[in-house]
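Q: Pasting the sequence and the predicted model now:
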Amino acid sequence: MMNNAEKRAESFDFNKTSKVLQKAKLFTFIRTVTISFVVFVLLSGALVVLNSIMLGRIATKELISEHLFDTVARPNIYQGQYQVTHGFLAGEIAYVTYRIVGTRPVYNGSYRIDFSLIPLTFGIYGTGRGQLNRIEVAGGYHYFNRAGQREMIFFHPAIQYQTYPNDLDSLEAIGPDKYLEMALSFDRDYSFKEVQAMLPGEVKIAWYWVDTYNQDNLAGMKGRYLARIGPDGQPTGEKEFFSARIYAC
């Protein structure tokens, strides 16, 4: 039989104690890793949901803002299908636009809006106009949008221009079974009823340009225009009305 000293020596077996400690450390490590993983998954899920909610709200505001801008600044432009793409802290909205010509929607080009939760310094940059967007004609240029449609040009009645493009002669070449969209610039301010009385009954008025220019705006437009015509007052092609004309689409 073992005496008391032998029993105490066996109870303090360092090999057994080391194994118990190793098991305890392993259990603690596994528990720590498991808890950390669960917390990481929960926080990641919460971050993804929060990111999606916040970007969704921003995307909605951007779409409403773009719709309001189209309503007041882009004549006869209507938004079509759109697609919202969410990334991390940033997103993109891509949508198409249409014009209503007669009773038919006509494709007017695609647009993209970039947005983010935090203002970022990186992005995609470019120019809105290139050489393929214009064609030289007698006395100037014709400009075209991203869908290949000719852009409408407007002239403010408070500014006297040397020449004015006139497409009325081209109407005879258009058959009676076709629809067209035309922009009209007037020589002075007219009321709604006066404009209606000038136009034939079959003409459908889609929109009106609201004069929001003050005297400073007009003075700046007139100054830029006068600086770009020739010294002898003769037309100089594109420069004659490029800076002074008003783009509405």
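A: Ah, there it is.
Q: Stretch 195-205 spans what distance, first to last residue?
A: End-to-end distance for stretch 195-205: 10 Å, by Cα to Cα, to the nearest Å.
Q: Mark out where each domain of the chain begins and ends.
A: The chain breaks down by automatic domain parsing into domains covering 14-125, 131-247.
Q: hey, least reliable of the ones you listed by pLDDT?
A: When those are compared on mean pLDDT, domain 131-247 scores lowest, with a mean of 69.
Q: which helix of this protein spans the most residues?
A: Across the chain, the longest stretch assigned as helix under DSSP state H is helix 14-73.
Q: And the helices in the protein, which stretches?
A: Using DSSP H, the helices of the chain run over 4-11, 14-73, 192-198, 215-228.
Q: List the contacts of the shortest one.
A: By Cβ atoms under 8 Å, 6 or more residues apart in numbering, the residues outside helix 192-198 that reach it are 186, 190, 205, 208. (Each C-beta comes from the backbone N, C-alpha and C, glycine too.)
Q: Filter the residues you listed down to the buried ones.
A: Among those, not one is classed as buried by 16 or more other Cβ atoms under 10 Å.
Q: from the residues you listed, which two are the most distant?
A: 186 and 205 (13.1 Å; Cβ to Cβ).
Q: re earlier: with respect to burial, which of the helices of the chain scores highest?
A: Comparing those by mean neighbour count (mean count of other Cβ atoms under 10 Å), helix 215-228 comes out on top with a mean of 13.
Q: nearest residue to the most centrally placed residue in the chain other than its sequence neighbours?
A: Nearest to the mean C-alpha position of the chain, by Cα atoms, centre = their mean, lies residue 113 at 3.4 Å. Nearest residue to residue 113, sequence neighbours excluded (Cβ to Cβ, 6 or more residues apart in numbering): residue 93, at 4.3 Å.
Q: so the one you found makes contact with residue 83?
A: Yes: if you go by Cβ atoms under 8 Å, residue 93 and residue 83 touch, sitting 7.3 Å apart.
Q: picking that back up, looking at the contacts of helix 192-198, which is nearest residue 43?
A: Nearest member of those to residue 43, counting by Cβ to Cβ, is residue 208, at 54.1 Å.
Q: so which of the helices of the chain comes closest to residue 150?
A: Taking Cβ to Cβ, helix 14-73 is the member of these nearest to residue 150, at 18.6 Å.
Q: how many other residues sit next to residue 76?
A: Residue 76: 19 surrounding residues under other Cβ atoms under 10 Å.
Q: who's in contact with the closest residue to it other than its chain neighbours?
A: Nearest residue to residue 76 in three dimensions, chain neighbours excluded: residue 206, at 4.5 Å (Cβ to Cβ, 6+ apart). For residue 206, the contact set (Cβ under 8 Å, 6+ apart) comprises 75-76, 100, 181.
Q: Please report phi then psi for residue 206.
A: The phi/psi pair for residue 206 (degrees, to the nearest 10) reads phi -90, psi -30.
Q: Repeat that for residue 149.
A: The phi and psi values for residue 149, taken as degrees, to the nearest 10, are phi -100, psi 140.
Q: quick one on the thing from earlier: and of the helices of the chain, who's closest to residue 159?
A: Across the helices of the chain, closest to residue 159 is helix 215-228 (Cβ to Cβ), at 5.1 Å.
Q: In space, what's closest to residue 110 - neighbours in sequence excluded?
A: residue 96 (5.0 Å).
Q: Quick check: that neighbour touching residue 112?
A: No: the pair residue 96 and residue 112 fails to qualify as a contact (Cβ under 8 Å) at a distance of 10.6 Å.
Q: the more surrounded of the two?
A: For residue 96 versus residue 112, neighbours defined as other Cβ under 10 Å are more numerous around residue 96 (16 against 11).
Q: Done for today, thanks.
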